[in-house]
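> quick one, structure for this:
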Amino acid sequence: MTRLIDRLRQVRHSDERITAQVRAVLVESLYASPQSLIIGALTSSAIAAVVGWSSGDSWLIWCGLLIGLVGLLRIADAVRLYRHERSGAASVRRQERGYRLGALSYSGLLGLFGLLTLTRTDNGVLQLLSVTTAIGYAAGIAGRNAGRPLIALAQLCCASLPLVVGLLIALDPLKAVLAVVILLFVVAMMDITLQTYRAILKATTVSAENAALAEHHALLARRDDLTGVSNRTDFRERFEERLRHLPTAGGKLVLLWLDLDRFKEVNDSFGHLAGNAMLVAVARRLKDAFGDSGIVARLGGDEFAIICSTPHARGANEIGRTMLQLVKQPVLHGGHTLRTTASIGVAIAPENGGDADTLLKNADLALYRAKEGGRGQLFFYEPVMDEKIERRRQLGAELHGALERGEFHLMFQPIFDLASGRIRSCETLLRWTNRRYGAVSPAEFIPVAEDNGQIVAIGTWVLHEACRAAKAWPPEVTVAVNLSPIQLRATNLAHVITDALDASGLSPERLTLEVTESVLLDDVDASLAALEALNRIKVCTTLDDFGTGYSSLSYLTQFPFQTLKIDRSFITDLESSPASIAIVQTVVDLAAKLGMRTIAEGVETQAQMDQLRRTRCDAVQGFLLAEPMPANMVGAMFAGDGSA
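Numbering: from 1, shown residues only. Predicted coordinates for the structure are as follows:
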């Protein structure tokens with residue numbers, strides 16, 4: 001008995017520690033089979049009614065009526081909760097309290113009915129019906145309610161122990177033996193109930209743990225491993241769900257596709273851990289700002305997608321601007337201050353599409369336009385983008401294999417010394433005649449080649465061909481080749497140039513490489529290192545389009561340029577703008593003091609030429625003097641000793 005009491009205490013203690021999920025499953029088991037409860041209630045009530053009516057005893061009749069009434073209430077409660085358990089109509093605690101009240105009331109009434117039958121009647125048949133009904137109920141309930149053992153054991157005692165009292169009161173030896181048997185039955189059923197509960201609890205706990213683990217794994221499968229925001233799968237499902245509810249929710253659903261600008265440079269310069277730190281910081285900022293009411297996801301690499309709701313389409317602009325500012329904030333990592341910007345493409349539902357695929361495509365088009373427009377910008381989808389982007393993509397496809405098909409050729413535009421009128425250099429201009437589209441403007445295909453990485457191979461080919469052509473020119477004439485930002489940042493640039501010079505036999509002093517100010521804005525330290533490496537192999541460098549950037553004068557003191565090219569926008573206004581005249585004169589004087597030469601590009605009229613002579617500019621280039629031409633025509637000009 002002491003062991004049994006200890007086990008009962010352990011059951012109560014363990015019951016207090018089970019999780020809410022396990023408790024819900026155990027309580028649900030009480031209502032798992034309403035059919036057995038209904039059958040038991042109906043049969044017990046029927047037997048009580050028969051015994052009460054047969055005995056004619058008022059106490060038994062009233063007790064039988066109470067048994068029937070409580071039985072009906074329990075049947076109604078079981079049916080109601082069985083139908084609504086999955087919708088959470090009642091709390092687990094309330095369900096358990098309700099079941100306990102009904103179960104103890106019913107079992108207590110059955111035990112009382114048996115006691116009254118044993119003490120108020122002498123009919124052995126009626127006594128047998130009452131006792132067997134109570135004992136049968138007690139035996140069945142011990143197994144049925146084993147998931148909540150304290151309820152089951154209480155029912156067992158309430159139904160059985162009054163019978164023991166009734167049997168002992170009769171002072172009949174045979175009835176006393178039956179009382180002892182019932183007591184032993186109660187002890188045995190208690191042990192069986194506790195054993196069953198232990199097995200049920202273990203199985204339920206393991207099942208709950210497995211379910212929780214599976215849910216955890218499912219959650220992880222829908223989260224980005226690095227940043228913790230939604231991944232592509234979770235984003236797509238939640239996006240489609242928001243779209244389905246949009247007609248009833250009203251307002252606008254804004255899709256913003258965000259791409260970090262030049263993220264690869266962060267990885268290359270500071271390592272992948274720094275890049276990861278930047279991704280985590282950006283994701284955290286976006287989630288803090290928009291995660292509560294919207295959806296923030298990392299689609300892969302340095303691309304994020306954000307879904308936000310707004311009453312009006314104009315709210316999308318404010319959302320996008322906020323994102324641009326969040327991304328611009330510096331990230332501290334390993335003693336370094338990491339900075340980046342973002343390009344964002346925006347599509348709005350339902351104006352720009354009603355399904356996920358269409359909206360994602362349109363946001364991607366807008367993002368493509370944002371990158372093309374200079375990065376760090378926000379662009380909204382417009383139908384005209386479809387045509388432009390499609391052509392751009394088709395050109396990208398055609399660029400593959402263009403070198404092998406021999407579709408590229410070079411043109412050269414002479415640069416004249418203003419004092420002597422002789423050709424002192426020729427600028428190399430790349431031209432592309434495509435098998436499908438014919439002549440394609442460099443302004444159109446070069447950005448495409450830069451985006452898809454083909455500019456490196458094309459640029460290498462240009463260097464080799466330009467050096468080979470210049471080798472046939474007079475030794476005092478140089479050749480100028482434009483470098484793309486990607487080429488300038490390449491670690492093997494000096495090696496590529498050396499190969500081109502060695503293959504052609506051209507001396508390094510006769511090769512000039514032109515870079516624009518926008519290239520220098522990206523990474524001052526890397527650009528400076530690249531230019532110094534070029535100067536070490538005795539290749540000349542020119543700052544192209546001078547005057548169009550943001551800090552041109554500071555470049556002159558930082559970077560080792562030998563020549564400045566004055567942007568054509570200033571040359572165009574020389575005839576009518578005193579300000580342009582003053583700017584050109586100032587640039588020429590400044591360059592001279594810094595030991596640099598100057599070239600004016602875009603000269604198209606004699607008046608412009610005359611004005612440049614007065615400024616003492618060193619060299620000129622433009623349609624007035626010579627248009628771009630093939631290498632063989634340049635050779636003919638040298639033969640004729642052309643002059644300005």
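> the helix or strand where Ala347 lies - what's its average pLDDT?
Here Ala347 sits within strand 342-349, counting by DSSP states H and E. Mean pLDDT, computed over strand 342-349, is 94.
> show me what counts as buried in the helix or strand following that strand.
Following strand 342-349 in sequence order, the next helix or strand is helix 356-372 (DSSP H and E). Buried residues in helix 356-372, counted by 16 or more other C-beta atoms under 10 Å: 356, 359-372. From N, CA and C alone the C-beta is placed, and that goes for glycine too.
> compute the inter-axis angle for the strand holding Ala347 and helix 356-372.
Interaxial angle, strand 342-349 versus helix 356-372 (axes from the mean of the first three to the mean of the last three C-alpha atoms, to 10 degrees): 150 degrees.
> partner strands of strand 342-349, with direction?
strand 252-260 (antiparallel), strand 378-380 (parallel) (DSSP bridges).
> mind checking those strands for the one nearest to Lys593?
strand 252-260 (41.4 Å; C-beta to C-beta).
> so can I have CSV of the strands paired with strand 342-349 showing mean neighbour count and distance to Glu240?
Output for those, formatted as CSV (neighbours: other C-beta atoms under 10 Å; distance: least, C-beta to C-beta, whole Å):
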stretch, mean neighbour count, distance to Glu240
strand 252-260, 24, 11
strand 378-380, 22, 22
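> export these to TSV and tack on distance to Leu418 and mean pLDDT?
Shown next, in TSV, are the strands paired with strand 342-349 (distance: least, C-beta to C-beta, whole Å; pLDDT from 0 to 100):
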stretch	distance to Leu418	mean pLDDT
strand 252-260	46	94
strand 378-380	43	93
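> out of the ones you listed, nearest to Asn482?
The nearest among the strands paired with strand 342-349, by C-beta to C-beta, is strand 252-260 at 26.5 Å.
> can you show me the CA trace of the closest one as CSV?
Written as CSV, here are the backbone C-alpha positions of strand 252-260 (Å, rounded to 0.1, in the frame of the first residue of the first chain):
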residue,chain,number,x,y,z
LYS,A,252,-2.1,47.8,-52.3
LEU,A,253,0.5,45.1,-52.0
VAL,A,254,4.0,46.3,-52.7
LEU,A,255,6.8,43.9,-53.8
LEU,A,256,10.3,45.4,-53.5
TRP,A,257,13.2,43.4,-54.9
LEU,A,258,16.4,44.6,-53.4
ASP,A,259,20.0,43.9,-54.5
LEU,A,260,23.1,45.1,-52.8
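> report the longest strand in this structure, please.
Ranked by residue count and defined by DSSP state E, the top strand of the chain is strand 423-434.
> got any ranges where the stretch 451-600 of the chain has weak pLDDT?
518-523, 547-555 (pLDDT under 70).
> buried ones in the longest strand of the chain?
Buried residues in strand 423-434, counted by 16+ other C-beta under 10 Å: 423-432, 434.
> what does stretch 442-453 give?
Quick answer for stretch 442-453 (16+ other C-beta under 10 Å): 445-450.
> switch these over to CSV; also include distance to Gly275, secondary structure and pLDDT.
CSV is the format used below for those (distance: C-beta to C-beta, whole Å; DSSP: H, G, I helix; E, B strand; the rest coil; pLDDT from 0 to 100):
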residue, distance to Gly275, secondary structure, pLDDT
Phe445, 30, helix, 93
Ile446, 27, helix, 92
Pro447, 25, helix, 88
Val448, 26, helix, 90
Ala449, 25, helix, 92
Glu450, 21, helix, 88
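> please consider this matter closed, and thank you.
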